[in-house]
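Novice: Please find the sequence and the predicted model below.
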Amino acid sequence: MFKRNRRLRETRNIRDLVRETVLTSADFIFPIFVVEGENIKEEISSMPGNYHFSLDRLHEVIEEVIQVGLRGVMLFGLPDHKDEVGCGAYDKNGIVQRAVKKTRELSKELLIITDVCMCQYTSHGHCGIMEGSKVDNDKSLKYIADIALSHAESGSDMIAPSDMMDGHVEAIRTILDENGFKHISIMGYSAKYSSAFYGPFREAANSAPQSGDRKTYQMDPANIREAMREIECDIEEGADIIMVKPALSYLDVIRWARDRYDVPIAAYSVSGEFAMVKSAGKLGLIDEKAVAMEMHMSMKRAGADIIITYYALDLCRWLRE
């Protein structure tokens, strides 16, 4: 006799009862872009529904985050000034440092994660210190560590270094521990690929490189065994959470990581993923809500414990319906 697998799909209540993967608002982290100036809430043209906020209007999005039930945000800053060494990134009065303090004033409970990188702060747009036409890995580590320390001193709960320099997690863990921040966790951008899906973000963060590309430090999209080596290095250096970025085209990388490492895994659903679904939805080519829900379900099903996504606010609303 053949098996009747359809019995467990017969009604919605049965389908809900046996569902293997469930999305909740606790799964998501919402990225927020903070800019200098006053009375600014400007929509990012390539990422509809996402905005640049000045500090005096930051409360608008933080209140929305709390209202929909999100537990955490990731802060990105856009400075007024850029230079060769990205000094605004580690300025104790920099835009992200002030945004952390403002967010903490607005909510004592919200998890605050800060992105540690240099690309939006450097005049050349690269994620480290340049020596000639190349990024100097070891020279960059001191700057990256100083940025992380300034974030911790401002009140960040979790440091997320995205620069992809070798040894950056160890450098950050060391400086945090030496300065009394042993309790601050690190989310490593462990398998961050040199992806074409980042395009809209570079507009949002004003972070495109002025020359060359990032292929010497971000990963080749063709490689998965290399990703496991990167993840293993970050774990050995002290990362508490590892990340795969982008998410949708790298579900296999998430799965490999889940099968090999017993640590929390974050997936970053990047700006290009968001923009494609949003654009197709606006054109009536797809059901935006259904596709977005399915897309994020696939990330969790692949093994992600945490999903950083520009759809976080919408997902939380849809889950309540």
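Specialist: Cool, the structure landed.
Novice: Okay, buried residues for the helix ranked longest in the chain please.
Specialist: Looking across the chain with DSSP state H, the single longest helix is helix 137-154. Within helix 137-154, the residues that qualify as buried are 137, 140-141, 143-152, 154, counting by 16 or more other CB atoms under 10 Å. Just so you know, the C-beta spots here come from the backbone N, C-alpha and C atoms, and that holds for glycine as well.
Novice: in the chain, which ranges drop under the pLDDT threshold?
Specialist: Low-confidence segments of the chain (pLDDT under 70): 202, 204-212.
Novice: can you rerun that using 90?
Specialist: Within the chain, the set of residues satisfying pLDDT under 90 comprises 45, 81-88, 117-120, 123-135, 199-217, 321.
Novice: That one: strands as residue ranges?
Specialist: 28-35, 41-43, 51-54, 72-78, 111-116, 129-131, 134-136, 158-161, 185-192, 241-245, 265-269, 306-309 (DSSP state E).
Novice: For V291, which of those strands is the nearest?
Specialist: Checking these against V291 by CB to CB gives strand 265-269 as the closest, at 12.3 Å.
Novice: quick one: strands adjacent to the closest one?
Specialist: Strand 265-269 sits in its sheet next to strand 241-245 (parallel), strand 306-309 (parallel), going by DSSP bridges.
Novice: Other residues contacting the first one?
Specialist: Counting by CB atoms under 8 Å, 6 or more residues apart in numbering, strand 241-245 makes contact with 158, 160, 162, 185-193, 195, 227, 231, 234-235, 250, 253-254, 257, 261, 263-268, 270, 304, 306, 308, all of which sit outside it.
Novice: V135: neighbour count?
Specialist: V135 sits with 24 neighbouring residues when counted by other CB atoms under 10 Å.
Novice: Could you do S133 as well?
Specialist: Residues within reach of S133, counting by other CB under 10 Å, total 9.
Novice: How about E170?
Specialist: Look at E170: counted by other CB under 10 Å, it has 18 neighbours.
Novice: and what of G284?
Specialist: Counted with other CB under 10 Å, residues neighbouring G284 total 8.
Novice: Next, give phi and psi for it.
Specialist: Phi and psi for G284, reported as degrees, to the nearest 10, are phi 80, psi 20.
Novice: related to what we said a few turns ago, right, so of the strands of the chain, which gets closest to T174?
Specialist: Across the strands of the chain, T174 has its closest neighbour in strand 185-192 (11.2 Å, CB to CB).
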